[in-house]
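1. Here is my input, please return the structure:
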Amino acid sequence: MIKIIEKHPVAFICLLVGLMLLPNLHVMQVTIMEARNFITAREMITDNHWILTTMNGEARYEKPPLPTWFSAISASIFGLNVYALRLPTVFLIMVIGVFVYRLSFSILKNTLHSLVNACIAFTSFYVVGITVEAPWDIYAHGFMLIAIYNLFQLFQKEKNYWKHTIIAGICLGLSFLSKGPVSLYVLFLPFLLAYIFTYKFKNFRPKTFSIFSILILMIAIGGWWFIYVRLIDPETFTHITTKETSNWGSYNIRPFYYYWSFFVQSGIWTIPAFIGLLYPYLKSRVHNLKAYKFSFYWTIFAVILLSIIPEKKSRYLMPVLIPLAINTGFYIDYLFQHFKTLQDKKETIPVYFNFGLIACIGIAFPVVAYLGLKDQLSGFWVQYILASVVLFTIGIFIVINLKKKAIKNVFFLTVLFFASIFVVALPLYKATIPSTYYDITALESDTKAQDLNVYGMNYVSPEMLFLYGHVLPSIKDEAHELQFPNETRFGLLSNELSTSEKKMIEALYTMQFVRSYDLNSVDESSRKHNSRLVNDYYILTKK
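-> Numbers count the residues shown, from 1 in each chain. The predicted model follows:
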C-alpha cells in the first residue's frame, strides 16, 4: 500500500485531504472570523459589492478581497450555504500539502521523506483549524508557499527559470491580495533568511531582471485593490487603515516569549516536532544536514520575527507549522531508518509515548465518548458506533505495529487516525449542542410574512448576522445616539439592553419580547458560555 502511495504522492495528498475534510465540511458552527468573510461574500453576490467590499452594508476594507471572492464564486455555483462558502479552503489545504511535498522533494530528492513532510503539514492541528477560525490566512500562506517553491527553483537553476519567475510573481501578488504583507513577513522573509544562511546565492546577477519582474508582478497584482479603494473611498479607507495599524502595537499585546510553545500547535506531532528542533541531537542523525539546517533556520526565524510584533494571537503561528512540518520530517525519517535497531531508552521512550498515546485515545474513544455523550446520543447512535469501531481499530493497529517496531506503518496509521476523526467522529459534534441553542435562520422569513423590518442595536455578533441572512441596519448612529426608523412597527435585535435604554425606548414604543437567540454550543451554566452570542428579539410598536 505504501509503495502505491509513493508512486502517486500528489494524488494521495489531494485524495486524503478531500476524504478528510469534504464529507463534514458543514458540521462545525461558523466562527466570528468566518462569519465576517461570509457576510462580505454574500453581499458581493446579493448587492454586487465585489470591489468596495461591505459587511452588514458598511465598508469592510480591513482585509483584501481575494479569499472572499473565492467564497462568493463558490457560493454562486453551489448555493449560498456554509458548505459552498468553506469549500475553497479545502483546496488551499491541498495546495499546502502538495507544495510542501514539492519543495521537500526539490531539496531532498526523496519521495517518501517528502511525502512524510506533506502529511505532517496537512495533519497539523492549526493548519486545519485555521480554515475555520480565519479563512484569510490559509489563502495568504497557501499562495505564498507556491511562490516560495518557485523562488527556490529560480535560486537553484541556471537556466529555464522564467516559468518560475512568472508563477512566483503572480502568487506573491495573490498572497498580498489575501491578507496584505502578513505572509511576506512571517513566511517569505524567514524563508529568505534561512536560504541565505544555508545555501547562499550563487550566480545571482543573471537573475536580477527576474527578481525585478517578480516585484513588478507582485505589486501590480497585490496592490491594485488597495490603490483603487484609496482613490474611490479615501476617507473610509484611511480611517480603517489607521485603526488596523494601531492595533499592531496596542491590541492583544503579549510578551516576547508568548510563541515559544509553538510546536504544540502541530497537535499529534507535538513530541516529534519538539525532538526535531533539538539541533545538537539530530544534526548527526540526518542524511542531509544542509537541508535540515535550512528547515531549522526557517522555523526559528519565523518564530523570532513573529515574537517581535507586540500583537500576538495563537492563530498567527499557523505559517510556522509549514517549515516545522519539514523540520519534523527529518526526525520521522531518522526513525524510519533506525528505529528497529535503537536500544537507548532515551530515544525509544518518546516514540512509544507519542504514538502509544494516540493509540490509547483511539482504543479509549468508545468509553470516553459514551460517558461524555450518553445523555445526548439519541439520534446519533450510528455515528457513535461507526466512530468507535474505526478509531478503536486504528488504535489497535498502531499498538501492533509499535510492538513490531514498524514505525513507517505507525506513521501512516497516525495520519489515517487524524483523518478519520474528521470523517467519523466530527458528526458527533452536533450531539454536544445544548437544547438552549436556538439560531436565527428563520427570523427573516418570519418577519417578511409579518411585513416587519428588523433593526439592530448594541452588539449583534457576526455569527448572528450571517445566520440572519440579510443586512441588519443599526438604530444607533456613530455618536451612539438612538435614531429610530419611521415605521410605526418594527423588529429590534439587541444584545442586552441597559435599564436607561429600555426607558428611552418604552417612552415611545410598546416593547413586546418575542424570544432570545442563543448560538452558544454550551449551556448557560458553563464558563464557556459567551454573552456576545445571545441576542433578544423584540417587536416595537409606536405609542
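
2. Going by C-alpha atoms from here, please, whenever you check contacts or count neighbours.
-> OK.

3. what bits of the stretch 201-350 of the chain have low per-residue confidence?
-> Low-confidence segments of the stretch 201-350 of the chain (pLDDT under 70): 244-251.

4. How about the chain?
-> Filtered on pLDDT under 70, the chain yields the residue ranges 1, 244-251, 436, 479.

5. longest helix in it, by residue count?
-> Longest helix in the chain by number of residues (criterion: DSSP state H): helix 345-373.

6. List the buried residues of the next helix-or-strand element following that helix.
-> The helix or strand immediately downstream of helix 345-373 is helix 381-403, counting by DSSP states H and E. Using 16 or more other CA atoms under 10 Å as the test for burial, helix 381-403 gives 384, 387-392, 394-399, 401-402.

7. Tell me the one among these nearest to residue 450.
-> Lowest distance from residue 450 to these (CA to CA) belongs to residue 384, with 41.9 Å.

8. name the helices or strands packed onto the helix or strand hosting residue 514?
-> Using DSSP H and E, the element containing residue 514 is strand 509-518. Helices and strands touching strand 509-518, by 3 or more CA pairs under 8 Å, 6 or more residues apart in numbering; DSSP states H and E, are strand 534-542.

9. Just checking: what are the partner strands of the strand it packs on?
-> Using DSSP bridges, strand 534-542 pairs in its sheet with strand 489-494 (antiparallel), strand 509-518 (antiparallel).

10. Give me the contact list for it.
-> For strand 534-542, the external contacting residues (CA atoms under 8 Å, 6 or more residues apart in numbering) are 460, 488-496, 508-520.

11. Could you rerun that using 6 Å?
-> 488-495, 509-518 (CA atoms under 6 Å, 6 or more residues apart in numbering).

12. and those, which are buried?
-> 489, 490, 491, 492, 493, 494, 495, 509, 511, 516, 517, 518.

13. Check which residues of the helix or strand hosting residue 300 are buried.
-> In the assignment (DSSP H and E), residue 300 maps to helix 289-308. The neighbour-count check on helix 289-308 (16+ other CA under 10 Å) flags 291-304, 306-307 as buried.

14. Residue 284: which of those is nearest?
-> residue 292 (10.5 Å).

15. Count the residues that sit near residue 191.
-> The number of residues packed near residue 191 is 24, by other CA atoms under 10 Å.

16. Report the secondary structure element holding it.
-> Taking DSSP H and E as the criterion, residue 191 maps to helix 189-198.

17. Show me what secondary structure element comes after that helix.
-> Later in the chain than helix 189-198, the nearest helix or strand by DSSP H and E is helix 208-232.

18. tell me which strands and helices that next one is in contact with?
-> On a contact count with 3 or more CA pairs under 6 Å, 6 or more residues apart in numbering; DSSP states H and E, helix 208-232 meets helix 162-179.

19. ok, the residue lying closest to residue 516 once chain neighbours are set aside to residue 529 distance?
-> Distances taken as CA to CA, 6 or more residues apart in numbering put residue 536 closest to residue 516, at 4.3 Å, once the chain neighbours are dropped. Counting by CA to CA, to the nearest Å, the gap from residue 536 to residue 529 is 16 Å.

20. what does residue 201 give?
-> For residue 201, the distance to residue 529 - CA to CA - is 54 Å.

21. who's more crowded, the two?
-> residue 529 (16 against 12).

22. and that one, that one's in a strand?
-> No: going by DSSP: H, G, I helix; E, B strand; the rest coil, the assignment for residue 529 is coil, not a strand.

23. Now do the contacts for it.
-> If you count contacts by CA under 6 Å, 6+ apart, residue 529 has them with residue 522.

24. can we see that at 7 Å?
-> Neighbour list for residue 529: 520, 522, 523 [criterion: CA atoms under 7 Å, 6 or more residues apart in numbering].

25. What of residue 166?
-> Contacts of residue 166 by CA under 7 Å, 6+ apart are residue 214.

26. what sits up against the helix holding residue 191?
-> Helix 189-198 has contacts (CA under 7 Å, 6+ apart) with 290, 293, 294, 297, 298, 301, 302.

27. what do you get if the cut-off is 10 Å, keeping everything else the same?
-> 145, 148, 151-152, 155, 183-185, 188, 200-201, 289-305, 320, 323 (CA atoms under 10 Å, 6 or more residues apart in numbering).

28. wait, residue 262 sits on residue 318?
-> Yes: counting by CA atoms under 10 Å, residue 262 does reach residue 318; the two are 9.0 Å apart.

29. Those two: which is more packed in?
-> Neighbour count, other CA under 10 Å: between residue 262 and residue 318, residue 318 has more, with 23 against 19.

30. how many neighbours does residue 241 have?
-> 13.

31. in which helix or strand would I find it?
-> Here residue 241 is assigned to helix 234-250, by DSSP H and E.

32. Now do the helices in the stretch 51-200 of the chain.
-> 66-78, 82-108, 111-122, 125-133, 135-156, 162-179, 182-183, 189-198 (DSSP state H, counting those that start in this stretch).

33. In TSV: these, plus distance to residue 433.
-> Converted to TSV, those look like this (distance: least, CA to CA, whole Å):
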stretch	distance to residue 433
helix 66-78	26
helix 82-108	18
helix 111-122	28
helix 125-133	18
helix 135-156	24
helix 162-179	33
helix 182-183	35
helix 189-198	42
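
34. before we move on, the earlier item: what sits opposite the residue nearest to residue 516 in the beta ladder?
-> Bridge pairing for residue 536 (DSSP bridges) gives the partners residue 494, residue 516.

35. number of nearby residues for it?
-> 17.

36. how far away is it from residue 507?
-> 19 Å.

37. Check residue 25 too.
-> When residue 25 is compared with residue 507 (using CA to CA), they lie 48 Å apart.

38. Compare neighbour counts for the two and give me the winner.
-> Neighbour totals were compared for residue 25 and residue 507, and residue 25 leads with 20 against 11 (other CA under 10 Å).

39. What residues does the closest residue in space to the more buried one that isn't next to it in sequence make contact with?
-> If you skip the residues right next to it in sequence, residue 25 has residue 83 as its closest partner in space, 5.8 Å away by CA to CA, 6+ apart. When contacts are counted by CA under 10 Å, 6+ apart, residue 83 touches 22, 23, 24, 25, 26, 27, 71, 74, 75.

40. In JSON lines: those residues, plus distance to residue 134.
-> Shown next, in JSON lines, are these (distance: CA to CA, whole Å):
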{"residue": "22", "distance to residue 134": "18"}
{"residue": "23", "distance to residue 134": "20"}
{"residue": "24", "distance to residue 134": "18"}
{"residue": "25", "distance to residue 134": "15"}
{"residue": "26", "distance to residue 134": "16"}
{"residue": "27", "distance to residue 134": "17"}
{"residue": "71", "distance to residue 134": "13"}
{"residue": "74", "distance to residue 134": "17"}
{"residue": "75", "distance to residue 134": "18"}
